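In: I'll drop the sequence and a predicted model, then ask my questions.
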Amino acid sequence: MLRHPSKPHAPHWLTSPALRFLALVGLCSAYIQGPLVKIFDFQGAQAEMSHFGLLPAPLFAVGVILFELAMSALVISGVWRRVGALALAAFTLAATFIALRFWEIPAGPEQSMAMNAFFEHLGLMGAFLYVAASDAATPRSASR
């Protein structure tokens, strides 16, 4: 009979609540920084929405600001973390296909930058899906 070695234990610091909190803040950092920039440059936020064909621009700008901040708060706080993580995953996927269509950009540095950003955003989406799956697999009292 084959015996599987027992699973090695992770160092305590790797499973600490403080590291988990910092990791979640880091994951959500772009979804906190972006809305703050939009708040302090609301005209720029409206111009960005118009550029991507999201009209009426003021409504979309306010909606994006509130959505990103609220979903980040859910992910970081642990209150409905799964909902926040899934929402940010879906938002990231949609925004990636709206804003980073590298295949439409002529070959060169701009296309390379857009392609890199595209795949970085897919990585963010994957991280949010992982957070949602991890939260689903964690007992309620341990997920915060």
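Out: Nice, I can see it.
In: flag the shaky bits of this protein, pLDDT-wise.
Out: 1-7, 140-144 (pLDDT under 70).
In: rerun at 90
Out: Applying pLDDT under 90 to the chain flags the ranges 1-15, 138-144.
In: give me the longest helix you can find in it.
Out: The longest helix of the chain (DSSP state H) is helix 109-137.
In: now for it, which elements pack on it?
Out: Judged by 3 or more C-beta pairs under 8 Å, 6 or more residues apart in numbering; DSSP states H and E, the packing partners of helix 109-137 are helix 17-40, helix 81-99. Yep, even glycine has a C-beta here, placed from its N, CA and C like the rest.
In: so which of the ones you listed is the most surrounded?
Out: Compared across the helices and strands packed on helix 109-137, helix 81-99 shows the largest average neighbour count, a mean of 18 (mean count of other C-beta atoms under 10 Å).
In: what angle sits between it and helix 109-137?
Out: Interaxial angle of helix 81-99 relative to helix 109-137 (axes from the mean of the first three to the mean of the last three C-alpha atoms, to 10 degrees): 160 degrees.
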